[in-house]
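Undergrad: pasting the structure only:
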C-alpha cells in the first residue's frame, strides 16, 4: 500500500488567496522559555492551504462543513491529468464520469503550490465542464490550486453551480507526485460548526 499526502504545510507567510486573511503560526508557550509545555497559536481563514469548500461557502442554504457526509469524502477517486489552460466540457470527453464520482484534476498548478507568490494565471474549471460534472452526478471535485474558479470571475458562477448541487470542492491539492489513475480518497476537514469550509488533511491510497 502506498499513501500520497496531498496536503500542503501550514506556516506563516504561506501562499494564500489575495483577499483572504494571512496565516500566523506562533509559539504561545515554550519549554525553552521556561513554560511546562509547548503550545502554538494559529490564526487563519477557513480556506487555508489544502481545504474543503462546503456548499455554504457561496450558497446560503447549502450544507455547512460539519454537515458534510464522510461517505462522500471517503471512497474511490479518479486523478485526471489536464494540460489545457482551462478545463472545459470538451476536455472531459474521455473521462469516465459514469464510474467515478470523485474527480481530482492534476494540472500545471501543482508546481505553483510550491511558491508563496500568488499566480492569477492558474488552470481553472470552466462553466461548461461544471455543467457536465453536475449532469453526471459527480459528488466531489478537486483541483491543485487555491480556487477551482478563474481568478477574474466576479459572479462565482462555477462555485455556485457546483455548491448549488451539493458538490463538495477540494482546493490546493498537491498532486505533483501523483500519476493519473484510480485511488482511494480520504479527505477529512476540521469539524468547524456551522462553517463555510475548513482546512483538511487529504490523502490518496494506491490500491
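TA: Yep, that arrived. Note that the structure is a prediction, hence the values are computed from the model and not measured. Numbering: from 1, shown residues only.

Undergrad: List the buried residues in the helix or strand harbouring residue 200.
TA: Assigned by DSSP states H and E, residue 200 belongs to strand 197-206. By 16 or more other CB atoms under 10 Å, the buried positions in strand 197-206 come out as 197, 198, 199, 200, 202, 203, 204. Bear in mind the C-beta positions are built from the backbone N, C-alpha and C, glycine included.

Undergrad: what does stretch 173-187 give?
TA: Buried positions in stretch 173-187, judged by neighbour count with 16+ other CB under 10 Å: 173, 174, 175, 178, 182, 183, 184, 185, 186, 187.

Undergrad: The chain: helices as residue ranges?
TA: Along the chain, the stretches classed as helices by DSSP state H are 70-73, 109-112, 127-135, 157-164.

Undergrad: And for residue 17, the neighbour number?
TA: Look at residue 17: counted by other CB atoms under 10 Å, it has 16 neighbours.

Undergrad: wait, what's in contact with the spatially closest residue to it that is not a sequence neighbour?
TA: Nearest residue to residue 17 in three dimensions, chain neighbours excluded: residue 146, at 5.1 Å (CB to CB, 6 or more residues apart in numbering). Counting by CB atoms under 8 Å, 6 or more residues apart in numbering, residue 146 makes contact with 15, 16, 17, 47, 118, 122, 171, 172.

Undergrad: can you do 10 Å?
TA: By CB atoms under 10 Å, 6 or more residues apart in numbering, the contact set of residue 146 is 15-18, 20, 47-49, 51, 109, 112-113, 118-119, 122, 171-172.

Undergrad: Residue 9 now?
TA: Residues near residue 9 by CB under 10 Å, 6+ apart: 49, 50, 174.

Undergrad: tell me the phi and psi of the last one?
TA: For residue 174, the backbone dihedrals are phi -90, psi 100 (criterion: degrees, to the nearest 10).

Undergrad: Would you mind confirming that it makes contact with residue 143?
TA: No. Using CB atoms under 10 Å, residue 174 makes no contact with residue 143, being 11.3 Å away.

Undergrad: overlap in contacts of these two?
TA: 106, 109, 110.

Undergrad: Nearest to residue 85 among those residues?
TA: Residue 85 has its nearest neighbour among those in residue 109, at 10.7 Å by CB to CB.

Undergrad: Apart from its chain neighbours, what residue comes closest to residue 170?
TA: Nearest one to residue 170, counting by CB to CB, 6+ apart, is residue 142 at 3.5 Å.

Undergrad: Quick one: residues contacting the one you found.
TA: Residue 142 touches 6, 50, 52, 77, 79-80, 102-106, 148, 168-173, 175, 185, 187, 202, counting by CB under 10 Å, 6+ apart.

Undergrad: now swap in residue 169 and tell me
TA: By CB under 10 Å, 6+ apart, residue 169 lies in contact with 51-55, 57-58, 125, 140-143, 147-149, 158-159, 162-163, 197.

Undergrad: returning to what we had before: need the shared contacts of residue 174 and residue 143 in a markdown table (columns: neighbour count and pLDDT).
TA: What follows is those, written out as a markdown table (neighbours: other CB atoms under 10 Å; pLDDT from 0 to 100):
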| residue | neighbour count | pLDDT |
| --- | --- | --- |
| 106 | 22 | 98 |
| 109 | 24 | 97 |
| 110 | 21 | 91 |
